[in-house]
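Q: Pasting the sequence and the predicted model now:
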Amino acid sequence: MSNDVEKLDPESRAADKAAHRGEPAQDVLHWLHQVPNGVLGTLSTERIVKGFPTGSIVPFALDECGRPFVFIANIALHTRNLRADNRACLFVHNDASTGDPQSSWRASLNGNFVKLTTSEQTEEYCERINEDEYAQLFARYVQRVPKAASYARTHDFHFWRMSSIESIRYIAGFGRICSFPGSDYLTHASPDHMHTMRKGALEHMNDDHAENMKEICRAFHQIDPEEVKMARLERTGCLFHSSKPDGYQFSPFAKVVDEPSEFKSEIIALLHRARAQTEAS
């Protein structure tokens, strides 16, 4: 038992123990995959409430490591707040629940956001990425927020990623409550034991199922590419790279893959949904 848990009162210690009968890190990955929006809490720079927390509804997506990232405008207050102090919280909850909202799950991810840029920057809290990394992030984000392409054309928007997750406050319902290190979540989001199965499945798709991947692109991404390769196979979905037209497309699974054997079934389910959508259109 950690020192932090030992310091809890008996009721809180019981809730922590109940929470850890399950797998909090796994639950949080499922929740972040399930919901497309959260509340971004930043420390206000407005003079009248300077230093106070302020919340904003934001869409978000997940990168290949499971880290949340947002696409926000330079003029937004939360962007100005992050520039001054990049500590922030992303709160998510079960938006499909009915009745007492406190009886359902929610989580708060606490960490530090950095602005992602493809150019040289001297601004504080910036991380440089290459054009290919940017295109992959954009594919993940636009899958959740299709209008994002128009945001990029009309406003000065940038990606900000929670590059370090310090801690997560986890509530799975009454009596199942704990806090745990963000490193536990990141280790769980991309576990080593799935690497071999992922690598083999990706190679199999690229060697033998090019036409199936084109079906998925036609159904979900409205493109008819000359060639498609699976660039990444992840617990949350597939990242494709197409040629003519050139670009990345991200297709999420219906659920997070928890066991290596589930990659095959989730890819098949994705293909079946693509065919059903094509038939319906």
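A: Thanks, I have the structure now. Numbering: from 1, shown residues only.
Q: thought M197 was touching E262?
A: No: at 9.2 Å, M197 does not count as touching E262 under the criterion of Cβ atoms under 8 Å. C-beta coordinates here come from the backbone N, C-alpha and C atoms, glycine included.
Q: Verify the stated contact: N206 with R232.
A: No: using Cβ under 8 Å as the test, N206 is too far from R232 to be in contact (11.5 Å).
Q: Bridge partners for the residue nearest to the spatial centre of the chain, pull those for me.
A: Centroid-nearest residue in the chain, with Cα atoms, centre = their mean: L62, separated by 2.1 Å. L62 has these beta-bridge partners by DSSP bridges: P68.
Q: State the distance from it to A148.
A: 15 Å (Cβ to Cβ, to the nearest Å).
Q: got it, and R198?
A: Counting by Cβ to Cβ, the gap from R198 to A148 is 27 Å.
Q: cool, I165 as well?
A: Distance from I165 to A148, by Cβ to Cβ: 23 Å.
Q: who has more neighbours, these two?
A: I165 (23 against 17; other Cβ atoms under 10 Å).
Q: Please confirm that the more buried one is located within a helix.
A: No: assignment of I165 by DSSP: H, G, I helix; E, B strand; the rest coil gives strand, placing it outside any helix.
Q: That one against L186, yeah?
A: Yes: using Cβ under 8 Å, I165 is in contact with L186, at 6.4 Å.
Q: And the helices in the protein?
A: 3-6, 10-19, 24-34, 77-84, 131-144, 148-154, 182-189, 195-208, 210-221, 262-280 (DSSP state H).
Q: I'd like those helices laid out as TSV, including mean pLDDT and distance to F240.
A: Shown next, in TSV, are those (pLDDT from 0 to 100; distance: least, Cβ to Cβ, whole Å):
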stretch	mean pLDDT	distance to F240
helix 3-6	61	43
helix 10-19	67	37
helix 24-34	96	18
helix 77-84	96	31
helix 131-144	97	8
helix 148-154	80	17
helix 182-189	94	21
helix 195-208	92	9
helix 210-221	97	6
helix 262-280	96	11
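Q: Compare those helices and give me the one nearest N94.
A: N94 lies closest to helix 24-34 among the helices of the chain, at 7.6 Å (Cβ to Cβ).
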